[in-house]
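Engineer: Provided below are the primary sequence and the corresponding predicted coordinates.
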Amino acid sequence: MRDSQNILALAKLQPDYIGFIFYAKSARFTSGVLEKKILKALPKGIKKTGVFVNESFEKVIETGKEYDLDIIQLHGNETVEFCEKLKNESIKVIKAFSVDHSFNFSETINFEGFVDYFLFDTKAEGGYGGHGMTFDWNILERYRGKTPFLLAGGISLDNLGDLDKIKNKNFVGIDVNSKFELSPGIKDIEALIELFEKIKKTN
């Protein structure tokens with residue numbers, strides 16, 4: 001997210017996480033727009049998540065401190081060693097993987113113990129998420145790891161009911177983005193209100 005009033009409007013819904021993208025090639029890039037004072041004003045229960053793509057370790061650390069981030073989401077080709085260095089700094093980490101029908105979940109094995117969550121997002125050409133496309137969620141049953149995971153990629157009000165079919169015990173949450181935007185970085189609060197209401201009814 002980028003806009004201060006939009007961020008505060010979403011905060012009233014009390015999501016577990018709010019994401020801020022620090023990747024210059026993204027249409028949702030926050031640099032020069034995001035107000036630090038707004039982040040500091042967010043309720044403690046909302047985890048401020050910084051999204052990075054193939055960024056240097058030093059820049060991730062610097063940005064995390066500058067914006068008082070609670071958790072780092074790595075959406076590029078970051079290594080196990082990179083994640084380990086962050087964990088050694090007592091930083092919580094989400095590691096994203098781009099998934100299609102041929103994805104081998106054994107790619108996650110070496111990251112076990114060095115990240116707090118995996119994020120399984122739809123693989124797409126020429127980008128790192130935020131494209132609004134889904135993959136076949138049935139393949140999540142192939143995941144046998146111990147690390148809990150979040151699901152991203154094209155989740156909308158129309159397919160929300162299909163999430164109930166995911167039986168993997170390590171599935172703990174969803175990451176929604178483009179299907180709940182009015183424009184890149186600006187969330188559709190009315191649609192999110194409906195999303196939160198539907199989620200509460202199913203829990």
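Structural biologist: Arrived safely, thanks for sending. Everything quoted here is computed from the prediction, not taken from an experiment.
Engineer: where does this protein dip in pLDDT?
Structural biologist: 125-131, 203 (pLDDT under 70).
Engineer: longest helix in it, please.
Structural biologist: As assigned by DSSP state H, the longest helix anywhere in the chain is helix 189-202.
Engineer: can I get that helix in CSV, CA atoms only?
Structural biologist: Taking Å, rounded to 0.1, in the frame of the first residue of the first chain, the C-alpha atoms of helix 189-202 are listed here in CSV:
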residue,chain,number,x,y,z
ILE,A,189,-12.1,-0.9,1.0
GLU,A,190,-15.7,-1.9,0.3
ALA,A,191,-14.6,-5.1,-1.4
LEU,A,192,-12.3,-5.8,1.6
ILE,A,193,-15.1,-5.3,4.0
GLU,A,194,-17.1,-7.9,2.2
LEU,A,195,-14.0,-10.2,2.2
PHE,A,196,-13.5,-9.8,6.0
GLU,A,197,-17.2,-10.5,6.6
LYS,A,198,-17.1,-13.7,4.6
ILE,A,199,-14.0,-14.9,6.3
LYS,A,200,-15.5,-14.3,9.7
LYS,A,201,-18.6,-16.3,8.8
THR,A,202,-16.5,-19.3,7.8
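Engineer: name the residues that touch it?
Structural biologist: 6, 9-10, 13, 15, 157, 160, 164, 176, 179-180 (Cβ atoms under 8 Å, 6 or more residues apart in numbering). Every C-beta, even on glycine, is put in place using the N, C-alpha and C of the backbone.
Engineer: my reading is that residue 140 lies in a helix. Confirm?
Structural biologist: Yes - assessed by DSSP: H, G, I helix; E, B strand; the rest coil, residue 140 belongs to a helix.
Engineer: isn't it up against residue 172?
Structural biologist: No - in this structure, residue 140 is not within contact of residue 172 by Cβ atoms under 8 Å, at 12.0 Å.
Engineer: which residue comes closest to the most centrally placed residue in the chain once chain neighbours are left out?
Structural biologist: The geometric centre of the chain, computed from its C-alpha atoms, lies nearest to residue 175 (Cα atoms, centre = their mean), at 5.1 Å. With sequence-adjacent residues excluded and distances taken as Cβ to Cβ, 6 or more residues apart in numbering, residue 175 is closest to residue 152, at 3.9 Å.
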